[in-house]
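Trainee: Fold the following, please.
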Amino acid sequence: MNELSGFKTFLEEEMKAWEVPGAAVAIVKDGEVIFSEGFGLRDIEKKLPVTEETLFAIGSSTKAFTASALALLVDEGKLEWDEPVRTYLPSFKLKDPVASERITPLDLLVHRSGLPRHELVWYGADLSREELIQRIQYLDGNVDFRSEWQYQNLMYLTAGYLAGKVAHSSYEALVKKRLFTPLHMKKSNFSVEDMQKSKNYSLPYKEIDGKITKVPFRNIDEIGPAGSINSNIKEMVNWLKLHLQKGEIDGKRIISEQEMKTLHTPHMSCELMFPTKEVPISTYGGGWFISPYRGHHHLHHGGNIDGFTALVSFLPYENIGVVVLTNKDATFFPDTIVYNIYDRLLHLEEKQWSNELQKKLKELKATMTGSGEKDEKGKVPNTQPSHPLKDYEGTYHHKGYGSIKITYKDDKLEATLNSFHSELTHYHYDVFQMKIATFNHTLLLSFQGNVYGEIATLSGPFALEPGTKDIMFEKLPDERLQDKEELIRYVGQYKLQGEMLATVSLKKESMLVLSLQGQPDYELVPYKKGAFYFKGLDGFSVQFWENEQKEVQRITIIQPNGEFVGEKVKKEEEKVDC
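Mentor: Next comes the predicted model:
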């Protein structure tokens, strides 16, 4: 085609400009594939070329497959868009009780749950889908249910899991049977582990310190319905044809035209990262962004996961579709290619998108740097932590985010959350900095003490989005204080002043209970070796004391009105008292 004259040269120049090692591009027009080719290298070290059959991770472009899987079930009468999710998943809960009762499958797909991303709940975590969905009930929202569009991967996980349950299958089995098979997507798969079993797949690359560097594959099987599909352009063109042909492929109807319309209809308005006069507004449908491109109706969805960026796009009225797959992390190269193709095929003046997007990206990075400088301006100089660094060591827990472990070594603190590791650098007072390199984020973590002078909690903006309150993690007791053999050492009777007996007993294998005559039993909560506080009673605690032989010999009960000391009764004396 004359419209594509010089396109290959343009594409190769853009690959150099954006430092993309390898890419594959396919174009569909009027039901025919008019371009399909690989460029560059899928493996730099081995100099292996990209072909049209090279597998790439498509990241969040997976979401449209998940939305289509639900549409299939709606067609069959097994699912209704506006029926509460709990009709199909009775155990599903959100923290907001109203949203929990009312949220629907369509709400899940169009990002209006009221929750921000909460990416650190799942990213790098070793959890099952059931465990992740169970944790959602402990996550704070930051806007009212259905009031705003907020991109939310955990909701897509829920949607895919729901689809599998309704189909009495798994998400993967459903998509493979009902979408991959009729679309002849034989090599497409759902895990980077499976992708690497292929003979033709790309390695992931990222720019690190100004150099294109191979990075590890990111396995996101647990969040699969939100972004784990891997495919190639040869098979993705059939996916484009299905949407351009309103649910049909090879003359066979896969999804009804009505439900394709549901997926392709705007449901929520959303913000653009880089608004321009050519792309002034954006909305979201079922797994697709819907926005005009230079006055033409445009549906698209990108995908980004460690080392890969993808973009799937189509103009339904012009019957044109494009897919761009690359092996570089977080690049706008696919956007420049897609826009240039549309300019050519629509006979528009070719806009220099690369220059504009490079400029806007530079401005964005400068803004992020400026934010860091503002944070530094809030720093109070010449301050010290209130405790020795070792006192901050321990495991801190949140029911939604799991555990963050703080370790002390070589006079330094290090934090570990899921697969993220970062040295904690002192900021001011009891506030430390933690770097989340994958998200290019630096968090300010604040440690707080309890009434006993012990470090008890840490909190920080783990949701990674403005307007979300800090997530608070509670410090867990020393693991030894959950051990039955350790707790048995404290069990016994202690004779207090005035001959009153305090009895300490073990219940449920890992819980100590203190009993005083004429009083209710008190559950003892450990906060350090030998020290416990009364659950639900501020200012009441117990300290156990050892002798030189490391035997528990004495108890001190601390109350607001004083301290009461008691010696442990020997077993012989217990028998006499009985």
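Trainee: Need phi/psi at the residue nearest to Glu80 when sequence neighbours are not counted.
Mentor: Take Glu80 and drop its neighbours on the chain: the residue closest to it by C-beta to C-beta, 6 or more residues apart in numbering is Val74, 6.8 Å away. Just so you know, the C-beta spots here come from the backbone N, C-alpha and C atoms, and that holds for glycine as well. Val74 adopts backbone torsions of phi -70, psi -40, taken as degrees, to the nearest 10.
Trainee: My guess is Val74 contacts Tyr88. True?
Mentor: No: look at Val74 against Tyr88 with C-beta atoms under 8 Å: they stay out of range, at 12.0 Å.
Trainee: any idea how far Pro182 lies from Leu240?
Mentor: Distance of Pro182 to Leu240, given as C-beta to C-beta, to the nearest Å: 14 Å.
Trainee: neighbour-wise, which of those two wins?
Mentor: Between Pro182 and Leu240, counted using other C-beta atoms under 10 Å, the more crowded position is Leu240 (22 against 15).
Trainee: which phi and psi does the more buried one have?
Mentor: phi -60, psi -40.
Trainee: The one 10 residues further on now?
Mentor: Backbone torsions for Asp250, taken as degrees, to the nearest 10, come to phi 50, psi 40.
Trainee: contacting residues for it?
Mentor: Neighbour list for Asp250: Pro182 [criterion: C-beta atoms under 8 Å, 6 or more residues apart in numbering].
Trainee: So it versus Gly31, what's the distance?
Mentor: Asp250 is 10 Å from Gly31, by C-beta to C-beta.
Trainee: same question, Thr416
Mentor: Taken as C-beta to C-beta, the span from Thr416 to Gly31 is 52 Å.
Trainee: who's more crowded, these two?
Mentor: Neighbours per residue (other C-beta under 10 Å) separate Thr416 from Gly31, with Thr416 holding more: 14 against 10.
Trainee: what about the more buried one, which helix or strand?
Mentor: Here Thr416, judged by DSSP states H and E, is contained in strand 412-417.
Trainee: now for that strand, which elements pack on it?
Mentor: strand 402-409, strand 420-428 (3 or more C-beta pairs under 8 Å, 6 or more residues apart in numbering; DSSP states H and E).
Trainee: Report pLDDT for the residue nearest the centre of the chain.
Mentor: In the chain, the residue lying closest to the centroid (C-alpha atoms, centre = their mean) is Glu119, at 2.4 Å. As predicted, Glu119 sits at a pLDDT of 95.
Trainee: what residues are up against it?
Mentor: Listed by C-beta under 8 Å, 6+ apart, the contact partners of Glu119 are 153, 439, 464.
Trainee: same thing but 10 Å
Mentor: By C-beta atoms under 10 Å, 6 or more residues apart in numbering, the contact list for Glu119 reads 151-154, 223, 436, 438-439, 441, 462-465.
Trainee: Poorly predicted segments of the stretch 301-450 of the chain, please.
Mentor: By pLDDT under 70, the low-scoring segments of the stretch 301-450 of the chain are 365-377.
Trainee: any chance you could map the helices in it?
Mentor: 333-345, 353-377 (DSSP state H, counting those that start in this stretch).
Trainee: my guess is Glu172 meets Thr62, correct?
Mentor: No: counting by C-beta atoms under 10 Å, Glu172 stays clear of Thr62, with 11.2 Å between them.
Trainee: okay, these two: which has more neighbours?
Mentor: Thr62 (30 against 20).
Trainee: confidence score at the more buried one?
Mentor: For Thr62, pLDDT reads 98.
Trainee: how many neighbours does the nearest residue to it once chain neighbours are set aside have?
Mentor: Among residues not flanking Thr62 along the chain, Ile229 sits closest, at 4.2 Å (C-beta to C-beta, 6+ apart). By other C-beta under 10 Å, 29 other residues sit near Ile229.
Trainee: From Lys187, how far out is Ile229?
Mentor: With C-beta to C-beta as the criterion, Ile229 and Lys187 are 11 Å apart.
Trainee: What of Phe540?
Mentor: 65 Å.
Trainee: circling back: for the residue nearest to Thr62, give me its contacts.
Mentor: 57-66, 172, 175, 180, 185, 188-191, 195, 236, 239, 303, 310.
Trainee: Which of these fall in strands?
Mentor: 57, 303, 310 (DSSP state E).
Trainee: Let me have these in a markdown table, adding neighbour count and distance to Ser269 as columns.
Mentor: Output for those, formatted as a markdown table (neighbours: other C-beta atoms under 10 Å; distance: C-beta to C-beta, whole Å):
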| residue | neighbour count | distance to Ser269 |
| --- | --- | --- |
| Ala57 | 30 | 29 |
| Gly303 | 22 | 22 |
| Ala310 | 27 | 24 |
